[in-house]
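Engineer: Here's my sequence, what's the structure:
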Amino acid sequence: MGVKLLFTLLCDDVRLENTGKFVLVGVYNYVLSFQPIAGTSPNPSETRLSMQKLCLFRRWVLDQNEVPIKTDIVGTEGKTVMSVETKLIRPPDNTFCHEVIQLFGPVFSPGIHRILTKYQDGTAREVEDSFEVRLVLPN
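Structural biologist: Model (predicted):
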């Protein structure tokens, strides 16, 4: 079967309960919308939008005990905004593996951003996903 990323969800926070359940707070539908702060540039190309925290919640299927993962958030200009390296460890009961990545203080420009995930399962693999950052101007 190999290693397979089943999904990535973007949200404001992820919490793990004592029961083993994950609580996802503020789940985004792949669109992050922001309103400009009064006195800032109304020109979207000059606007930078910051967040306190953005979380990626992912579910994987693993057939290896450990898999190193590199995740890059690539901005609208093609430059890496943030990069995180993690290691997935297969659960003892061979169920799904969950990964939580917390990005603190990310700064985005309006437009499409890519999530590039690279890993090795005997072969170099890359998975790409994307999300949009929108500036919502008041009427």
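
Engineer: count of residues packed around the residue nearest to Val61 when sequence neighbours are not counted?
Structural biologist: Nearest in space to Val61, with sequence neighbours left out and distances taken as Cβ to Cβ, 6 or more residues apart in numbering, is Lys4 at 4.6 Å. C-beta: built from backbone N, CA, C; applies to glycine. Residues contacting Lys4 under the criterion other Cβ atoms under 10 Å number 13.

Engineer: in the protein, which spans are strands?
Structural biologist: Secondary structure of the chain (DSSP state E): strands located at 4-16, 22-28, 31-34, 49-50, 53-61, 66-74, 80-89, 97-104, 107-108, 111-120, 124-135.

Engineer: right, so the ones you listed: which one is the most enclosed?
Structural biologist: The highest mean neighbour count among the strands of the chain, using mean count of other Cβ atoms under 10 Å, belongs to strand 53-61: a mean of 19.

Engineer: For that one, which strands pair with it and how are they oriented?
Structural biologist: Partner strands and pairing direction for strand 53-61 (DSSP bridges) are strand 4-16 (antiparallel), strand 97-104 (antiparallel).

Engineer: Looking at these, which is nearest to Val74?
Structural biologist: strand 97-104 (13.1 Å; Cβ to Cβ).

Engineer: quick one: average pLDDT of stretch 105-125?
Structural biologist: In this model, stretch 105-125 carries a mean pLDDT of 90.

Engineer: Using CSV, list the CA coordinates for that stretch.
Structural biologist: Only the C-alpha atoms of stretch 105-125 are listed here, as CSV (Å, rounded to 0.1, in the frame of the first residue of the first chain):
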residue,chain,number,x,y,z
GLY,A,105,2.7,33.8,12.9
PRO,A,106,2.3,33.0,9.2
VAL,A,107,2.1,36.0,6.9
PHE,A,108,0.3,35.6,3.5
SER,A,109,-0.4,37.7,0.4
PRO,A,110,-3.8,37.5,-1.2
GLY,A,111,-3.9,34.7,-3.8
ILE,A,112,-3.3,31.0,-4.2
HIS,A,113,-0.8,29.3,-1.9
ARG,A,114,0.5,25.8,-2.3
ILE,A,115,1.1,23.1,0.4
LEU,A,116,3.9,20.9,-0.9
THR,A,117,4.5,17.7,1.1
LYS,A,118,7.6,15.6,0.4
TYR,A,119,8.4,12.2,1.8
GLN,A,120,10.1,8.9,1.0
ASP,A,121,8.5,5.5,1.0
GLY,A,122,11.2,3.8,-1.0
THR,A,123,10.6,6.4,-3.8
ALA,A,124,10.7,10.2,-3.5
ARG,A,125,7.1,11.4,-3.4
